[in-house]
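[1] Below: sequence and its predicted model.
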Amino acid sequence: MEFDSTRPIYLQIIDVIKKQIIRGELKPGDKVLSQRDFAEKIRVNPNTVQRAYKEMESMSILETIRGQGTFICNRPEMLKEIKAEMANEILTTFISDMRSLGFETDEIRDIVNSSLKGE
């Protein structure tokens with residue numbers, strides 16, 4: 001796994017887990033790797049993974065059951081929430097970048113529409 005040096009690694013780990021949930025690679029109730037195993041797999045300090053897992057527990061994405069491990073929370077609305085959150089982040093960054101290049105709202109809309117038609 002390659003990391004972006006401009007963002008904290010624990011946030012990037014959270015994004016990886018969220019994307020795996022969105023793509024259906026991880027489903028509610030699935031057990032995730034232990035913090036130590038995940039840290040070894042992606043070659044980071046276990047404390048970094050611990051921070052990511054703790055943050056995801058506070059976001060109700062993961063839950064740890066003592067003696068059993070860490071699991072994807074079984075919340076039906078979670079997938080929809082994660083998709084909306086990530087889409088909003090991507091769009092906000094895209095629009096901000098386009099505006100910094102001098103594009104107006106109508107121009108951005110035209111570029112997006114043109115790109116979507118080309119699919």
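    Noted; the coordinates are in hand. This is a predicted model, so every value here is computed, not measured.
[2] domains of this structure?
    9-72, 78-117 (automatic domain parsing).
[3] And the strands in this protein, which stretches?
    Along the chain, counting by DSSP state E, strands occupy 31-32, 62-65, 69-72.
[4] Each with direction, which strands does the shortest one pair with?
    What that stands for is strand 31-32. strand 69-72 (antiparallel) (DSSP bridges).
[5] Flag every buried residue along the partner strand.
    Buried residues in strand 69-72, counted by 16 or more other Cβ atoms under 10 Å: 70, 71, 72. C-beta: built from backbone N, CA, C; applies to glycine.
[6] Same question for stretch 80-91.
    Those would be residue 82, for stretch 80-91 by 16+ other Cβ under 10 Å.
[7] Need the residues that contact that stretch.
    Contact with stretch 80-91 is made by 15, 18, 19, 21, 22, 61, as judged by Cβ atoms under 8 Å, 6 or more residues apart in numbering.
[8] Name the spans of the chain whose pLDDT lies under the cut-off.
    Filtered on pLDDT under 70, the chain yields the residue ranges 119.
[9] Spatially central residue in it, please.
    Centroid-nearest residue in the chain, with Cα atoms, centre = their mean: residue 15, separated by 2.2 Å.
[10] contacting residues around it?
    Counted by Cβ under 8 Å, 6+ apart, residue 15 has contacts residue 86.
[11] And the one 3 residues further on, by the same measure?
    For residue 18, the contacting residues are 61, 82, 85, 86, taking Cβ under 8 Å, 6+ apart as the criterion.
[12] which residues sit in contact with the closest residue to residue 11 other than its chain neighbours?
    Nearest residue to residue 11 in three dimensions, chain neighbours excluded: residue 52, at 7.7 Å (Cβ to Cβ, 6 or more residues apart in numbering). Residue 52 is in contact with 9, 10, 11, 13, 14, 17, counting by Cβ under 8 Å, 6+ apart.
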